[in-house]
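Trainee: The following block contains a protein sequence and its predicted model.
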Amino acid sequence: DRIKLVINHVYDFVSEKEILQQADNATAANRALHDGTRAGNDFLGWVNLPSSVTEDLIRDIEDTATALRSRCEAVVVVGIGGSYLGAKAVIDVLSSSFDWLQHERKDPVILYAGNNIGEDYLHELTSYLEKRQFGIINISKSGTTTEPAIAFRLLKDLLVAKVGGEEARKRIVAITDASKGALRTLATTEGYKTFVIPDDVGGRYSVLTPVGLLPIAVAGINIRELNKGATEMEKACGADTPFEVNLPAIYAAIRNELYRRGKKIEILANYNPKLHYFAEWWKQLYGESEGKDGKGIFPAAVDFTTDLHSMGQWIQEGERTIFETVLSVKEPKAHVTIPQDDTDLDGLNYLKGKRVDEVNKMAELGTLIAHVDGGVPNILIEIPKLSEYYIGQLIYFFEKACGISGYMLDVNPFNQPGVEAYKRNMFALLEKPGYEAETQAIKKRL
Ligand code: PA5
């Protein structure tokens, strides 16, 4: 069983024939990801990653997770961008929304740091951790990113002060490049357990490496099933898969065709709040991969029905430069029905006995029709249920589609030169050694 792509609601805007005209282009882009014949071909390690994950690696990750789980009530994932979003996305989708409030927890609570430079955030986090048994997974591919480096320095100091150097060493894991970067040097010097981020896998494509798998396993989620789902999708969109059955290629072709027709913004909508961070992961994947050379669809996201009471107005009647991609979950885990009330003061008895999800599904269908009527093309991705297996499929689906889509747009989907601009200015303003000339130049502009 697989996730499905429902595309009949784009036909009011682009015809099947027009989509098929993109088929050759999309198929060639898909093939190039396998052959390594286009830009960024040194970052294609993710393409065959799910099927090549070894039993040894999975076991090493599971054993490390078990060790952290036995020692820690809380584990802090330190990382930014691709070094935390995948883990947070999967953990949020597959955990109970209120688990973190339980005192008697089966799984350690997973917290995040190094994804901002908020002083209050770090203060509040360290205050919370002072009273907890905690561990740290420090993730940085380059090993030199400022945000996680600051957070790690603070958290490591706290941990060593709390439990001593020897115990702290058992609770810290570093995930970084095999040999380069300050984090590798630090981990070797301190003797931390480490995992390697493969050279040919960029941050935003790294969720199925130890970057995502270790925190996900620590949270008590089955990483074998996650990888199995990803492997299933990898096989379903190989180099020779015909366009008509290649879901990532179809999605990439449609979004590029819509973009050519002036639909500059893609809104990823969900009707299940657990998917909020999955959309954040998706935004990073597509934003960083496609937004360059003056081109690229702007990836936005909404949680419905919550945002139907805010952004819904804009989507229905604002500038017609948007299309919508809906993550539709067929079957919720739980079963909650709306009770009968004899007084019916709230007028809700017409819904009595219905599942909450039946109402949600009608909101979804009603919104879809309203938005299509309002001029918003709709692509729907149907996910049978929120399980490790289908989330694995969905992750690989979006990664593959992103690579194809970037090549169709004629950009390098695997670099991010634009993220350096703010760093240069920040380092110049902070007078980082080596930035003397930049410091002088920027100060003149203040
Ligand atoms: O996708 C990317 O490459 C980026 O978002 C990185 O993941 C992010 O900048 C963090 O980099 P690093 O892992 O080197 O600290």
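Mentor: Sure thing, it's come through.
Trainee: tell me the contacts of whatever residue of the stretch 151-300 of the chain ends up closest to the ligand?
Mentor: Scanning the stretch 151-300 of the chain for proximity to the ligand using Cβ to the nearest ligand atom identifies Gly203 as nearest, at 2.2 Å. Bear in mind the C-beta positions are built from the backbone N, C-alpha and C, glycine included. Residues touching Gly203, when contacts are defined by Cβ atoms under 8 Å, 6 or more residues apart in numbering, comprise Gly81, Gly82, Ser83, Lys141, Val211.
Trainee: and the gap between the second one and Glu18?
Mentor: The reference is to Gly82. Applying Cβ to Cβ, to the nearest Å, the value for Gly82 to Glu18 is 34 Å.
Trainee: what about the two, which has more around it?
Mentor: Gly82 (25 against 16; other Cβ atoms under 10 Å).
Trainee: Find the centremost residue of the chain, please.
Mentor: If you average the C-alpha coordinates of the chain and look for the closest C-alpha using Cα atoms, centre = their mean, you land on Trp281, 2.2 Å from that point.
Trainee: re earlier: ok, which of the contacts of Gly203 also contact the ligand?
Mentor: Of the residues in these, proximity to the ligand by Cβ under 6 Å from any ligand atom holds for Gly81, Gly82, Ser83, Lys141.
Trainee: Tell me which two of those sit farthest apart.
Mentor: Comparing every pair within the ones next to the ligand among the contacts of Gly203 by Cβ to Cβ identifies Gly81 and Lys141 as the most remote, at 9.4 Å.
Trainee: Who has more neighbours out of those two?
Mentor: Comparing Gly81 with Lys141 by neighbour count (other Cβ under 10 Å), the higher total belongs to Lys141, at 26 against 21.
Trainee: ok, now which ones touch the closest residue to the more buried one other than its chain neighbours?
Mentor: Leaving aside its sequence neighbours, Lys141 sits nearest to Ile197 (Cβ to Cβ, 6 or more residues apart in numbering; 4.7 Å). Taking Cβ under 8 Å, 6+ apart as the contact definition, Ile197 lies against Ile139, Lys141, Ile175, Thr176, Asp177, Ser206, Thr209, Pro210, Val211.
Trainee: Surely the first one is in a helix?
Mentor: No: counting by DSSP: H, G, I helix; E, B strand; the rest coil, Ile139 is not found in a helix; it is strand.
Trainee: who touches it in this structure?
Mentor: Contact partners of Ile139, counting by Cβ under 8 Å, 6+ apart, are Val77, Val78, Gly79, Ser83, Tyr84, Pro148, Ala174, Ile175, Thr176, Ile197, Val211.
Trainee: ok, now with 10 Å
Mentor: When contacts are counted by Cβ atoms under 10 Å, 6 or more residues apart in numbering, Ile139 is found next to 77-80, 82-84, 87, 114, 145, 148, 152, 173-176, 183, 195, 197, 203, 206, 209-212, 214-215.
Trainee: Name the nearest residue to it, sequence neighbours excluded.
Mentor: Once its chain neighbours are removed from consideration, Ile139 has its nearest residue in Gly79; the separation is 3.6 Å (Cβ to Cβ, 6+ apart).
Trainee: ok, the one you found to Glu388 distance?
Mentor: 21 Å.
Trainee: higher neighbour count, these two?
Mentor: Between Gly79 and Glu388, counted using other Cβ under 10 Å, Gly79 has the larger neighbour count: 31 against 21.
Trainee: I figured that one hits Phe152, correct?
Mentor: Yes: the pair Gly79 / Phe152 is scored as a contact, 9.5 Å apart, by Cβ atoms under 10 Å.
Trainee: Check the secondary structure at Ala39 for me.
Mentor: Following three-state DSSP, the label given to Ala39 is coil.
Trainee: Now do the helices in the stretch 201-350 of the chain.
Mentor: With DSSP state H, counting those that start in this stretch applied, the stretch 201-350 of the chain shows helices at 210-218, 223-236, 247-260, 276-290, 311-317, listed in chain order.
Trainee: what does this protein put close to the ligand?
Mentor: For the chain, the residues in contact with the ligand under the definition Cβ under 6 Å from any ligand atom are 80-83, 140-142, 145, 148, 202-204, 288, 416.
Trainee: Which stretches in the stretch 1-150 of the chain count as strands?
Mentor: Taking DSSP state E, counting those that start in this stretch as the test, the strands found in the stretch 1-150 of the chain are 4-6, 74-78, 109-113, 134-140.
Trainee: Just say which of those strands is most tucked in.
Mentor: Ranked by average neighbour count under the criterion mean count of other Cβ atoms under 10 Å, these are headed by strand 134-140 at a mean of 28.
Trainee: what about Ser70, neighbour count?
Mentor: 8.
Trainee: hang on, I meant Ser52
Mentor: Using other Cβ under 10 Å, the number of residues around Ser52 comes to 11.
Trainee: ok, so what distance separates it from Val201?
Mentor: 11 Å.
Trainee: what's the overlap in contacts for these two?
Mentor: Joint contacts of Ser52 and Val201 (Cβ under 10 Å, 6+ apart) are Gly45.
Trainee: ok, what's across the strand from Val329?
Mentor: Taking DSSP bridges as the rule, Val329 bridges to Ile383.
Trainee: give me every residue that touches it.
Mentor: Applying Cβ under 10 Å, 6+ apart, one finds that Val329 lies in contact with 93, 270-272, 274-275, 357, 360-361, 364, 381-386, 390.
Trainee: give me that answer again for 8 Å
Mentor: Residues in contact with Val329, defined by Cβ under 8 Å, 6+ apart, are Asn270, Tyr271, Asn272, Leu275, Ile383, Lys385, Leu386.
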